[in-house]
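Colleague: build me a structure from this.
(one chain, ligands or ions: 1)
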Amino acid sequence: MLAFKNLGIRFGGNQAVDNVSGSLAPGKITAIIGPNGAGKTTFFNMLSGFYKPTSGVVTLDEQPISGRPTHEVVGRGVARTFQTTTLYKNLSALENAVLGHRVRTRAGLWDALLRSGREQRDESVSIKAAHYALTRVGLDHKAHLIAGSLSQEEQKRVSIASALATNPSILLLDEPAGGLNPEETAKLMRLIRELVTGGLTVALIEHKMSLVMGLADHIMVLHHGQLIAEGTPAQVSQNPAVITAYLGTHGSGGQHGQQAQAGNPPTNNPPNNNQNGAA
Ligand SMILES: Nc1ncnc2c1ncn2[C@@H]1O[C@H](COP(=O)(O)OP(=O)(O)OP(=O)(O)O)[C@@H](O)[C@H]1O
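Modeller: So this is what the prediction gives:
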């Protein structure tokens with residue numbers, strides 16, 4: 001189980017994440033929500049080894065992993081995607097997933113791109129892993145198509161396959177539905193649910209309340225770097241501190257509209273409209 005205790009990080013005078021404790025429930029979906037600048041991505045960056053916390057600790061099965069090199073964290077079974085799609089659009093879906101495997105494991109990006117001797121030896125392992133990952137996201141039949149020719153939603157699946165190529169037990173998704181329309185968002189939600197049903201533990205950052213409320217088993221709410229609430233969608237959506245955080249921060253429009261919805265009882269159905277789903 002991935003857990004974090006008193007986790008914090010400071011950038012100069014800015015305490016971006018402050019004293020956050022908790023864990024990701026195995027085999028469940030945890031959503032991390034909060035207004036812009038709340039510290040969500042920074043929190044992910046600490047869970048995945050991208051940032052070294054200035055206080056507290058991240059543990060995996062009770063062993064500390066915070067501050068360990070990213071490839072080591074990946075090797076322990078934690079993989080992530082990024083907020084902006086990091087696909088190589090001129091490469092095939094398969095090549096992207098292969099690179100996802102190589103870049104996240106031992107080899108660096110240049111090693112992977114330049115195909116060093118080690119790379120070539122290990123390539124068949126990466127190709128197998130990449131095909132399996134593409135199968136898991138329902139795209140192996142498009143393995144040889146150029147990523148840029150795929151739909152937005154398929155490109156998101158390729159990004160997820162890139163992370164899955166390392167066969168993680170814990171997958172961190174940073175705004176997986178960013179830029180997708182409601183129909184595509186619903187498809188992606190089904191995929192995420194399927195992956196979890198298959199045994200994966202997922203944590204995701206997402207602004208689309210329709211996705212969060214329809215998908216998350218557990219929600220953590222960050223505000224000014226602090227964990228101000230957590231619980232089921234129903235619990236969180238009725239929490240006065242959460243409603244105040246969003247309304248107070250955004251005034252009107254943007255996330256305000258989304259959070260106004262979060263004041264209502266959440267639905268466990270996939271979204272069928274975009275009334276509160278604008279990215
Ligand atoms: N490398 C960095 N150096 C300095 N400040 C940083 C760095 N990374 C993040 N921050 C700051 O940490 C705070 C939290 O940013 P973060 O990107 O984690 O928020 P977020 O909740 O993910 O926002 P959004 O929803 O807009 O993506 C911000 O004030 C941001 O400027």
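Colleague: any idea which element residue 242 lies in?
Modeller: Residue 242 belongs to helix 240-250 when assigned by DSSP states H and E.
Colleague: wait, residue 89 touches residue 147, no?
Modeller: Yes. If you go by C-beta atoms under 8 Å, residue 89 and residue 147 touch, sitting 5.2 Å apart. Yep, even glycine has a C-beta here, placed from its N, CA and C like the rest.
Colleague: circling back: elements contacting the helix holding residue 242?
Modeller: Packing partners of helix 240-250 (3 or more C-beta pairs under 8 Å, 6 or more residues apart in numbering; DSSP states H and E): strand 218-223, strand 226-231, helix 255-262.
Colleague: any idea of the mean pLDDT for the second one?
Modeller: Read that as strand 226-231. Taken as a whole, strand 226-231 carries a mean pLDDT of 96.
Colleague: what about the helices in the stretch 101-250 of the chain?
Modeller: Secondary structure of the stretch 101-250 of the chain (DSSP state H, counting those that start in this stretch): helices at 109-114, 117-136, 152-164, 182-197, 209-215, 233-237, 240-250.
Colleague: closest to residue 56 out of those?
Modeller: Across the helices of the stretch 101-250 of the chain, residue 56 has its closest neighbour in helix 240-250 (21.8 Å, C-beta to C-beta).
Colleague: any idea how the chain splits into domains?
Modeller: What the TED database lists as the domains of the chain is 2-77+168-249, 86-151.
Colleague: how far does the first one sit from its chain's centre?
Modeller: Averaging C-alpha coordinates over domain 2-77+168-249 and over its chain gives two centres that are 7 Å apart (C-alpha atoms, centre = their mean, to the nearest Å).
Colleague: does that domain reach the ligand?
Modeller: Yes. Counting by C-beta under 6 Å from any ligand atom, the ligand has neighbours in domain 2-77+168-249: 11, 14, 16, 34, 36, 37, 38, 39, 40, 41, 42.
Colleague: shaky segments in the chain?
Modeller: Counting by pLDDT under 70, the ranges of the chain that qualify are 85, 103-122, 248-279.
Colleague: just give me the neighbour total for the residue nearest to residue 172 when sequence neighbours are not counted.
Modeller: Counting by C-beta to C-beta, 6 or more residues apart in numbering, residue 80 is the residue found nearest to residue 172 once chain neighbours are left out, at 3.8 Å. When neighbours are counted by other C-beta atoms under 10 Å, residue 80 registers 22.
Colleague: let me see the contact set for residue 80.
Modeller: Under the criterion of C-beta atoms under 8 Å, 6 or more residues apart in numbering, the neighbours of residue 80 are 44, 47, 48, 163, 171, 172, 173, 174.
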